[in-house]
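Novice: the following comprises the amino acid sequence and a computationally predicted model.
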Amino acid sequence: MSGIEDITYALDFRARAPVRRENRTLSSDSQLSNSAGASRGIPRITRLMALAIRFDSQLRTEEFRDYAEIARLGRVTRARMTQIMKLLDLAPDIQEQILFLPNRKGLNERNLRPIVKRIDWDEQRRLFQKIMDSFHGL
């Protein structure tokens, strides 16, 4: 990577329950400019990686109690939230590659699950490269 680029994602998760408490919104700095049009060119795995990083930050600053609260607000299961958050177990350089990936047909979170299970980052890198090489031909 030769330069620094800013990537901004606007995320809007609203609970559709009766309004008993204030509606909390999960967003990235509340920047909603052209989020639908901008996200079309961004691979889904890149968006999931960015979400995992953002949610981790929000958990660390105690904006949210736990994965269950984020899952409820995002209207996904706790299991799905765990799958997304497991992306943080990838080696930092793999996370960076995912954040700057060109659109690759077929590359998704499910393909990365066997890699995430590995503790050794060198082994993760080898397996990730093998997956990336297999998608070069598509």
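Specialist: Looks like it arrived, so ask away.
Novice: how much space separates the nearest residue to Tyr67 once chain neighbours are set aside from Ala71?
Specialist: Distances taken as CB to CB, 6 or more residues apart in numbering place Met81 nearest to Tyr67, at 4.6 Å, with adjacent residues excluded. Where C-beta positions appear, they are placed from N, C-alpha and C, glycine not excepted. Look at Met81 and Ala71: by CB to CB, to the nearest Å, they are 4 Å apart.
Novice: got the contact list for stretch 122-134?
Specialist: Stretch 122-134 is contacted from outside by 90-91, 93-94, 97, 104, 107, 111-112, 114-116, 118, using CB atoms under 8 Å, 6 or more residues apart in numbering.
Novice: mean confidence score for that stretch?
Specialist: Averaged across stretch 122-134, pLDDT comes to 94.
Novice: what comes up buried for that stretch?
Specialist: Of the residues in stretch 122-134, Gln124, Arg125, Leu127, Phe128 count as buried by neighbour count, 16 or more other CB atoms under 10 Å.
Novice: element containing the last one, please.
Specialist: If I follow you right, that is Phe128. In this assignment (DSSP states H and E), Phe128 forms part of helix 121-136.
Novice: extract the C-alpha set from that helix and format it as PDB.
Specialist: Taking Å, rounded to 0.1, in the frame of the first residue of the first chain, the C-alpha atoms of helix 121-136 are listed here in PDB:
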ATOM      1  CA  TRP A 121      -0.900 -16.400  11.800                       C
ATOM      2  CA  ASP A 122       1.600 -17.900   9.400                       C
ATOM      3  CA  GLU A 123      -0.700 -20.800   8.700                       C
ATOM      4  CA  GLN A 124      -3.600 -18.300   8.300                       C
ATOM      5  CA  ARG A 125      -1.500 -16.300   5.700                       C
ATOM      6  CA  ARG A 126      -0.700 -19.500   3.800                       C
ATOM      7  CA  LEU A 127      -4.400 -20.600   3.700                       C
ATOM      8  CA  PHE A 128      -5.600 -17.100   2.800                       C
ATOM      9  CA  GLN A 129      -3.100 -16.900  -0.100                       C
ATOM     10  CA  LYS A 130      -4.300 -20.300  -1.300                       C
ATOM     11  CA  ILE A 131      -7.900 -19.000  -1.300                       C
ATOM     12  CA  MET A 132      -7.000 -15.800  -3.000                       C
ATOM     13  CA  ASP A 133      -5.000 -17.700  -5.700                       C
ATOM     14  CA  SER A 134      -8.100 -19.900  -6.400                       C
ATOM     15  CA  PHE A 135     -10.200 -16.700  -6.900                       C
ATOM     16  CA  HIS A 136      -7.700 -15.200  -9.300                       C
END
